[in-house]
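[1] Structure for this input, please:
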Amino acid sequence: MNGDLETARWAAQKLMAAQPSFTIERFRSLPVFDNTPEWANQVAEDLKLAGLPGR
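    Okay, here's the model as predicted:
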């Protein structure tokens, strides 16, 4: 499991380098999450664990 978290954090760093304005809040505002709040919450928690900014 620790390897998964390390990989997620590595990917988060790459994402922030490519998209410095990325935030979980902006990601959650995508229409794909409109009708799937439970999934949106889980994705948001996973992104937070990976180290991505909330706002």
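[2] When you work out contacts or count neighbours from here on, use the C-alpha atoms and nothing else.
    OK.
[3] What are the buried residues along the lengthiest helix in the chain?
    Longest helix of the chain, by residue count under DSSP state H: helix 2-18. Burial within helix 2-18, assessed by neighbour count using 16 or more other Cα atoms under 10 Å, is assigned to A8, R9, A12, Q13.
[4] Let me know the average pLDDT across it.
    Helix 2-18 shows a mean pLDDT of 93.
[5] between the buried residues of helix 2-18, which is nearest V32?
    Of all the buried residues of helix 2-18, A12 has the smallest distance to V32: 20.5 Å, by Cα to Cα.
[6] what separates the closest one from D46, distance-wise?
    11 Å (Cα to Cα, to the nearest Å).
[7] Ramachandran angles for R28?
    Backbone torsions of R28, given as degrees, to the nearest 10, read phi -70, psi -20.
[8] Please identify the helix or strand for the one residue sitting closest to the centre of the chain.
    Central residue of the chain (Cα atoms, centre = their mean): L47, 2.9 Å from the mean position. Assigned by DSSP states H and E, L47 belongs to helix 37-50.
[9] What is that helix packed up against?
    Identification of packing neighbours for helix 37-50 by 3 or more Cα pairs under 8 Å, 6 or more residues apart in numbering; DSSP states H and E yields helix 2-18, helix 24-28.
[10] Which of the ones you listed sits closest to D34?
    Of those, nearest to D34 by Cα to Cα is helix 24-28, at 8.7 Å.
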